[in-house]
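1. Quick one, fold the following:
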Amino acid sequence: MAKLTENAFRDVNIAFANELSLICDELKINVWELIKLANRHPRVNILSPGPGVGGHCIAVDPWFIVDSAPALARMIRTAREINDGKPHYVINKVKEAADQFKRPVIACLGLAFKADIDDLRESPALDIAEHLINDNVGEVLLVEPNIKELPKRLSQHNDKLTTLPKALERANVLVVLVDHRQFKALHINDVTTKVVIDTRGIFG
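-> Numbers count the residues shown, from 1 in each chain. The predicted structure follows:
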């Protein structure tokens, strides 16, 4: 129970950040600037929002608590629903961006469940990429510098796996899904001609 509680606590805090990002998007407020300002308070430490929650622990463990006491675990359930819903929100934002182009080329930057690793388990970034491919939103390019081939479920799309320079050259829509160091090294001038959906705040 202690281990489940640790991961549920993290999930609830991430859900707060993710919900805040949705509210800020609606109100046209820069969520990254807002969180930076709010975190100046000595007792406030809001986490960074993202495209969802991945990994084999945080995205799974809270459900064990919910299952054990479904009538009582209201906040934990809601946090899971918020975090599970965030990828769908990102997908819809990408579709809106793609509609601006006759021939959209969408580059998904990152497939791992967190930065600078090669672990794709329960990754919301991978789920988003798979949905965009299956929904035929446009030509989809996949950039994941920490792997050499896609997992079995997407192995038929290995031809879509490309390098960051090639993706920047071809794409008109960039979707930042993981804040890998290679992506954080990008400058805003590198993407001025693109429509950028930055779920990790690497461009502030």
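
2. show me what contacts E33?
-> G204 (Cβ atoms under 8 Å, 6 or more residues apart in numbering). For every residue, glycine as well, the C-beta is placed using N, CA and C.

3. now the residue nearest in space to the middle of the chain, what's its secondary structure?
-> In the chain, the centroid-proximal residue (Cα atoms, centre = their mean) is P51; its distance is 2.3 Å. Secondary structure, DSSP: H, G, I helix; E, B strand; the rest coil: P51 is coil.

4. and I147, what does it touch?
-> Applying Cβ under 8 Å, 6+ apart, the residues near I147 are 111-112, 118, 120, 161.

5. domains for the chain, by residue range?
-> With automatic domain parsing as the criterion, the domains of the chain are listed as 2-85, 92-198.

6. Measure how far the longest one is from the centre of its chain, please.
-> Using Cα atoms, centre = their mean, to the nearest Å, we find the averaged C-alpha position of domain 92-198 to lie 10 Å away from the chain's own average C-alpha position.

7. contacting residues around stretch 11-25?
-> Stretch 11-25 is contacted by residues 29-31, 34-35, 46-50, 52-53, 58-59, 61-62, 75-76, 78-80, 82-83, 86, 89 when judged by Cβ under 8 Å, 6+ apart.

8. one more time with 10 Å
-> With contact meaning Cβ atoms under 10 Å, 6 or more residues apart in numbering, stretch 11-25 is reached by 29-35, 38, 45-53, 57-63, 65, 75-76, 78-86, 89, 93, 199, 201.

9. all helices for this protein, in order.
-> Ranges of helices in the chain, per DSSP state H, are 2-27, 31-38, 61-68, 74-98, 124-134, 164-170, 181-184.

10. closest one to P104 among those helices?
-> helix 74-98 (3.8 Å; Cβ to Cβ).

11. Output the domains of the chain in TSV; the columns should cover mean pLDDT.
-> Putting those into TSV (pLDDT from 0 to 100) gives the following:
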stretch	mean pLDDT
domain 2-85	97
domain 92-198	96
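
12. residues touching N39, list them.
-> Contact analysis of N39 by Cβ under 10 Å, 6+ apart lists 45-47.

13. Try it again at 7 Å.
-> By Cβ atoms under 7 Å, 6 or more residues apart in numbering, the contact set of N39 is 45-46.

14. Pull the contacting residues for G201.
-> Listed by Cβ under 7 Å, 6+ apart, the contact partners of G201 are 32, 48.

15. on that earlier part again, quick one: neighbours of the closest residue to the residue nearest to the centre of the chain other than its chain neighbours, just the number.
-> Spatial nearest neighbour of P51, excluding adjacent residues (Cβ to Cβ, 6 or more residues apart in numbering): T199 at 4.2 Å. The local packing of T199 (other Cβ atoms under 10 Å) involves 27 other residues.

16. do the same with K93
-> By other Cβ under 10 Å, neighbour count at K93 equals 17.

17. quick one: the nearest residue to L111 once chain neighbours are set aside from K36, how far?
-> Sequence neighbours aside, E144 is the residue nearest to L111 in space, at 4.1 Å (criterion: Cβ to Cβ, 6+ apart). Noted for E144: a distance of 28 Å to K36, by Cβ to Cβ, to the nearest Å.
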